[in-house]
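Colleague: got a predicted structure plus its sequence, pasted below:
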Amino acid sequence: MSKTSINRYDFEFDENLIAQYPEKKRDESRLLVVNRQTNKLLDKRFKDIVDFFDDNMFLVLNNTKVLNARLFAKKESGGEVEIFLLEQLDGKRFKALLGGKWKSEGYLYINEYKLFVSKRDDEGIVTVDFIDANPFEIMDKYGHVPLPPYIKREDNELDRERYNTVFSKKIGSVAAPTAGLHFTEEIFDKLKEKGVEIFEITLNVGLGTFRPVKTEFIEDHKMHKESFSIEKSVADKINKLKKDGKKLVAVGTTVVRALESAASQFGEITPCENAYTDLFIREGYQFKVVDKMITNFHLPKSTLFILVCAFGGYDLMKKAYAHAVKDRYRFFSYGDAMFII
């Protein structure tokens, strides 16, 4: 079987379209509605999304909360080292990346706090042990919001609020589930008035979601694992609504991957706690539970754009992205949204 070149998922792109700041109001972002039945595109504002819902649809959100995962520490010699926390291993131990030189294990200091850091493994990852300190208190006090590298500025207090969704609860991600950033309590109230039920799951977004594809062929790319949890009551309700013929609207690629992973074995959602997924959704994948998707605009040649092409159809997605580029939509984490119906 022939393999698929990553170049298939390239598209022309102006870097000036990368949103450096969020819109003043979450729901004032633009919304491109993409209809897979008619191949039509509609230009709207995100607050208009309520008009495209009815009581035959229900919504699933990712309620993860972003860690203030960037920390600046001092070596015993006095040199500064940046720590990027990736994933909690247990109470006080995290996987992390270090900026700068680090040859062996040793201690780092964040003001009065002492951390023990292992030497780098073959992938450049270290283990950080916060020893006698509460890592979440340290992150809250000294941590920085881990804005993506394409946002060319330092984080600020606004990012602590706006790089999280209004429904974020369970801390554990190093990147935001960005499709959810556009929602407001007012939108949720209007959806509920229309009879739309809303459910939450958790997928802790890791760097693997945004890791660039460096292989020539997409089949050779390996996804990093990310943990997710789905409560039994939520799984049971989703399965019942699907059996009743209701349409599941996934908010973001993280929700798509979690639900499709949870359904991959039996065709319906299996409840789980701290399960792991490395599911790489690409063209040819048969979606089992997700019917419609809300998503932001993604990088060329990314696993996220590949997923969107699998869901929305390659030709239609190329058309939608070309329209978005031409019409100056804002791209990536703080950018605008797309609703694929």
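Modeller: Ah, there it is.

Colleague: if I pick residue 290, what's in contact with it?
Modeller: Counting by CB atoms under 8 Å, 6 or more residues apart in numbering, residue 290 makes contact with 248, 250, 255, 256, 259, 260, 311. The way it works is simple: take the backbone N, C-alpha and C, and place the C-beta from them, glycine included.

Colleague: which helix or strand contains the residue nearest to it when sequence neighbours are not counted?
Modeller: Closest residue in space to residue 290, ignoring its immediate chain neighbours: residue 250 at 4.7 Å, by CB to CB, 6 or more residues apart in numbering. Per DSSP states H and E: residue 250 is located in strand 247-251.

Colleague: any idea which helix or strand comes after that strand?
Modeller: helix 253-263.

Colleague: circling back: tell me what the residue nearest to residue 290 is bridged to.
Modeller: Taking DSSP bridges, one obtains residue 60, residue 293 as the residues bridged to residue 250.

Colleague: how about the helices in the stretch 1-150 of the chain?
Modeller: Assigned by DSSP state H, counting those that start in this stretch, the stretch 1-150 of the chain shows helices spanning 135-142.

Colleague: where does pLDDT dip in it?
Modeller: Scanning the stretch 1-150 of the chain for pLDDT under 70 picks out no residues.

Colleague: one more time with 90
Modeller: Applying pLDDT under 90 to the stretch 1-150 of the chain flags residues 1-2, 76-79, 87, 90-91, 99-104, 122-124, 132, 149.

Colleague: in it, which spans are strands?
Modeller: Along the stretch 1-150 of the chain, the segments classed as strands by DSSP state E, counting those that start in this stretch run 30-34, 41-45, 57-62, 64-66, 70-75, 80-90, 93-99, 106-110, 113-117, 125-129.

Colleague: list the contacts of residue 296.
Modeller: With contact set as CB under 8 Å, 6+ apart, residue 296 has these partners: 178, 179, 252, 331, 332, 333, 335, 336, 337, 338.

Colleague: now for the first one, how many residues are close by?
Modeller: Using other CB atoms under 10 Å, residue 178 has 25 neighbouring residues.

Colleague: check contacts around it.
Modeller: Residues in contact with residue 178 (CB under 8 Å, 6+ apart) are 252, 296, 332, 333, 334, 335.

Colleague: which of those fall within strands?
Modeller: residue 296 (DSSP state E).

Colleague: you'd agree residue 239 is in a strand?
Modeller: No: per DSSP: H, G, I helix; E, B strand; the rest coil, residue 239 lies outside any strand segment and is helix.

Colleague: just to revisit the earlier point, run the angle between the strand holding residue 250 and strand 292-296 for me.
Modeller: Strand 247-251 runs at 10 degrees relative to strand 292-296, counting by axes from the mean of the first three to the mean of the last three CA atoms, to 10 degrees.

Colleague: buried stuff in strand 247-251?
Modeller: 248, 249, 250, 251 (16 or more other CB atoms under 10 Å).

Colleague: out of those residues, which one sits closest to residue 223?
Modeller: residue 250 (17.7 Å; CB to CB).

Colleague: hang on, isn't the closest one packed against residue 292?
Modeller: Yes: here residue 250 reaches residue 292: they are 7.3 Å apart, a contact under CB atoms under 8 Å.

Colleague: so which bits of stretch 299-319 are buried?
Modeller: Within stretch 299-319, the residues scored as buried using 16+ other CB under 10 Å are 299, 301-313, 316-318.

Colleague: oh sorry, the question was meant for stretch 38-54
Modeller: For stretch 38-54, the neighbour count (16+ other CB under 10 Å) marks 41, 45, 46, 47, 48, 49, 50, 52, 53 as buried.

Colleague: look up the closest residue to the fifth one, ignoring the ones flanking it.
Modeller: Think residue 48. residue 31 (6.3 Å).

Colleague: which residues touch the one you found?
Modeller: Under the criterion of CB under 8 Å, 6+ apart, the contact list for residue 31 reads 43, 44, 45, 46, 48, 49, 182, 336, 337, 338, 339.

Colleague: again, but for residue 297
Modeller: Residues near residue 297 by CB under 8 Å, 6+ apart: 321, 324, 329, 330, 331, 332, 335, 336, 337, 338.

Colleague: quick check, pLDDT for it.
Modeller: In this model, residue 297 is scored at 98, pLDDT.

Colleague: any idea how far the closest residue to it other than its chain neighbours lies from residue 29?
Modeller: With sequence-adjacent residues excluded and distances taken as CB to CB, 6+ apart, residue 297 is closest to residue 331, at 4.5 Å. To residue 29, residue 331 is 11 Å away according to CB to CB, to the nearest Å.

Colleague: likewise for residue 193?
Modeller: 22 Å.

Colleague: more neighbours: these two, which one.
Modeller: The neighbour comparison of residue 193 against residue 29 (other CB under 10 Å) goes to residue 29, with 21 against 9.

Colleague: my guess is that one contacts residue 336. True?
Modeller: Yes: applying CB under 8 Å, one finds residue 29 in contact with residue 336, separated by 4.9 Å.
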